[in-house]
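J.: sequence below, structure please.
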Amino acid sequence: MSLFSDDLYKFVTDEFFTLILRKNKLYFIQNIYFKLKNLI
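T.: Residues are numbered from 1 along each chain as shown. Just a heads-up that it's a prediction; the model follows:
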């Protein structure tokens, strides 16, 4: 089940750590949730 390419995975990971540093984890989780929901 590899829906994510390496580039996308790297992008998401970088965005994830960036938002953790900004202490916006909740926003990040909601943002990813809606992005994934729109893909389905």
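
J.: from residue 38, how far off is the residue nearest the centre of the chain?
T.: The C-alpha lying nearest the average C-alpha coordinate of the chain belongs to residue 12 (C-alpha atoms, centre = their mean; 4.2 Å). Residue 12 sits 15 Å away from residue 38 when distances are taken as C-beta to C-beta, to the nearest Å. Every C-beta, even on glycine, is put in place using the N, C-alpha and C of the backbone.

J.: show the pLDDT at residue 40.
T.: In this prediction, residue 40 carries a pLDDT score of 66.

J.: before we move on, the earlier item: which helix or strand contains the residue nearest to the centre of the chain?
T.: Secondary-structure element containing residue 12, defined by DSSP states H and E: helix 6-21.

J.: got it, and residue 28?
T.: Per DSSP H and E, the secondary structure element for residue 28 is helix 25-39.

J.: thinking the residue nearest to the centre of the chain is in contact with residue 29, fair?
T.: No: with contact defined as C-beta atoms under 8 Å, residue 12 and residue 29 do not form a contacting pair (11.8 Å).

J.: what number of residues lie near residue 16?
T.: Using other C-beta atoms under 10 Å as the criterion, residue 16 is surrounded by 14 other residues.

J.: how many residues are close by the closest residue to it other than its chain neighbours?
T.: If you skip the residues right next to it in sequence, residue 16 has residue 28 as its closest partner in space, 6.2 Å away by C-beta to C-beta, 6 or more residues apart in numbering. By the other C-beta under 10 Å criterion, the neighbourhood of residue 28 contains 17 residues.

J.: would you mind giving me the confidence score for residue 28?
T.: Residue 28 carries a pLDDT value of 76.

J.: which residues does it contact?
T.: Listed by C-beta atoms under 8 Å, 6 or more residues apart in numbering, the contact partners of residue 28 are 15, 16, 19, 20.

J.: most neighbours, which of those residues?
T.: Most crowded among the contacts of residue 28, counting by other C-beta under 10 Å, is residue 19 at 17 neighbours.
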